[in-house]
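1. Got a predicted structure plus its sequence, pasted below:
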Amino acid sequence: MPNRNSHLPPERNPGPPTAADDRGAQLIAGADYQRLWRAAFACRLLATITEEVAKEHGIDPNDTAAVAEYIRDDMYLILSRSKPVDE
């Protein structure tokens with residue numbers, strides 16, 4: 001939503017590539033495949049941390065944010081190393 005000066009904030013959650021940017025089917029290394037699974041489990045764990053659980057165990061919001069940033073960076077790295085199937 002634009003503010004008073006009509007400035008639009010950057011898109012926080014960009015979607016997948018558009019049809020023009022689509023690189024087709026991609027291959028990833030076996031190690032990256034394992035990293036995807038670990039990231040998926042980490043996301044699942046983060047999703048289970050309620051405010052009550054966080055307070056009870058002394059988990060700071062900065063802690064969960066740091067894990068989310070690590071996962072995000074890992075995903076970007078995996079995507080950047082993927083290769084088109086036809087290469």
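-> Everything's here; your move.
2. Pick out the residue nearest the middle of this structure.
-> R72 (3.4 Å; Cα atoms, centre = their mean).
3. Secondary structure element for it, which one?
-> Using DSSP states H and E, R72 maps to helix 61-81.
4. check contacts around the residue lying closest to A39 once chain neighbours are set aside.
-> In space, and not counting its chain neighbours, A39 is closest to I71: 4.9 Å by Cβ to Cβ, 6 or more residues apart in numbering. (Each C-beta comes from the backbone N, C-alpha and C, glycine too.) Taking Cβ atoms under 8 Å, 6 or more residues apart in numbering as the criterion, I71 is in contact with 39, 42-43.
5. Of these, which is the nearest to I78?
-> Distance to I78 across the contacts of I71 (Cβ to Cβ) is lowest for A39, with 8.4 Å.
6. tell me the pLDDT at that closest one?
-> On the pLDDT scale, A39 is placed at 93.
7. can you check L8 too?
-> 55.
8. can you check the one 5 residues further on too?
-> The pLDDT attached to N13 in the predicted structure is 56.
9. Counting by contacts, list what the helix or strand of the chain with the lowest mean pLDDT packs against.
-> Lowest mean confidence among the helices and strands of the chain (mean pLDDT, DSSP states H and E): strand 83-84, at a mean of 86. For strand 83-84, the contact count by 3 or more Cβ pairs under 8 Å, 6 or more residues apart in numbering; DSSP states H and E identifies strand 26-27 as packing neighbours.
10. residue ranges with poor pLDDT in this structure?
-> Within the chain, the stretches with pLDDT under 70 are 1-23.
11. if you set the cut-off to 90 instead, what comes out?
-> 1-26, 45, 47, 50-51, 61-66, 76, 79-87 (pLDDT under 90).
12. hang on, the earlier thing: within its sheet, name the partner strands of the least confident helix or strand of the chain and how each one runs.
-> The pairing partners recorded for strand 83-84 under DSSP bridges are strand 26-27 (antiparallel).
13. Could you point out the helix or strand that follows the strand it pairs with?
-> helix 30-48.
14. List of residues touching the helix or strand in which A54 is found?
-> Using DSSP H and E, A54 falls within helix 51-57. Contacts with helix 51-57, where a contact means Cβ under 8 Å, 6+ apart, come from 59-61, 64.
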